[in-house]
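A.B. asks: Here you go, sequence then predicted model.
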Amino acid sequence: MSGHSKWANIKHKKEKTDAQRGKIFTKLGREIAIIVKQGGPDPEANSKLKDVIAKAKAANMPNDNIARSIKKASGDMDADNYEEIAYEGYGPGGVAMIVEAMTDNRNRTAGDVRHYFDKFGGNLGTTGCVSFMFDKKGVILIEKTDRTNEDELMMDALDAGAEDFSAEEEYFEILTAPDDFSGVREALEKKGYEFLEAEVQMVPQTMTKLTDPKQIEFMDKLVENLEDLDDVLNVYHNWDQEV
């Protein structure tokens, strides 16, 4: 039905490589720490924590790591004070981009993000310059296997409150309103479904296709370098990477 997140499959494959796992776990640990400090260490009382735990499990973060991050955050209230910040801009060929970061030093992070936008043919813009081109949605990806019945999954998702369901090449994609995400995720979790990805994301309304090989190369490098920054949590864009 939707097909909004074709890029999510590429992102998923990239994140599952062994070389990147350690960095992803570090970022997730930091995200868990901030949410614990905001709402406490009990997932039942802190719905944001419950959601980020699901996100961490979807990224194959071990339960021990998750528990350690929660424990450390709840006992170490004097740790560095991180804040969430989003940067907006355009990549090569006018691709709209949103970079979400968590930082204890705004100047350092802004400088790092701007450096890569400049280096790879992009332009860092002002707040609001591209966010109107994205919708905030709960995104749940479930791998296609012989054991997964598409019709049954679609009914389970829609009955739980999902607003959209689509079958992509390697996974099923379920979209929800941000406020409905936790309920839909929990309902599917209780039915035994396992997730490749489960989080609230910025989903592009329209896609931009690049045909210039140099722009494609630069866009790929821009995303890769931004994702590699320690402070960056998510890089969203509307680049249509389908060949």
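C.D. replies: Received, thanks. Residues are numbered from 1 along each chain as shown.
A.B. asks: all contacts plus neighbour counts: C-alpha atoms, from now on.
C.D. replies: Will do.
A.B. asks: Which residues belonging to the longest strand anywhere in the chain are considered buried?
C.D. replies: What stands out as the longest strand in the chain, according to DSSP state E, is strand 134-143. Within strand 134-143, the residues that qualify as buried by neighbour count (16 or more other C-alpha atoms under 10 Å) are 134, 137-143.
A.B. asks: Now pLDDT and distance to D159 too, for those, in CSV please.
C.D. replies: Putting the buried residues of strand 134-143 into CSV (pLDDT from 0 to 100; distance: C-alpha to C-alpha, whole Å) gives the following:
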residue, pLDDT, distance to D159
F134, 96, 26
K137, 94, 17
G138, 93, 16
V139, 93, 16
I140, 93, 15
L141, 92, 17
I142, 92, 17
E143, 89, 20
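A.B. asks: re earlier: got the angle between the next helix or strand after the longest strand of the chain and strand 134-143?
C.D. replies: For strand 134-143, the succeeding helix or strand toward the C-terminus, using DSSP states H and E, is helix 150-160. Computed by axes from the mean of the first three to the mean of the last three C-alpha atoms, to 10 degrees, the angle separating helix 150-160 from strand 134-143 equals 140 degrees.
A.B. asks: in the chain, which helix has the most residues?
C.D. replies: Secondary structure assigned by DSSP state H gives helix 18-39 as the longest helix of the chain.
A.B. asks: List the buried residues for it?
C.D. replies: Buried residues in helix 18-39, counting neighbours by 16+ other C-alpha under 10 Å, are found at 21, 23-25, 27-37.
A.B. asks: Farthest-apart pair in these, please.
C.D. replies: R21 and K37 (24.3 Å; C-alpha to C-alpha).
A.B. asks: Which other helices and strands does the host helix or strand of D64 contact?
C.D. replies: According to DSSP H and E, D64 maps onto helix 63-75. Helices and strands touching helix 63-75, by 3 or more C-alpha pairs under 8 Å, 6 or more residues apart in numbering; DSSP states H and E, are helix 18-39, helix 47-58.
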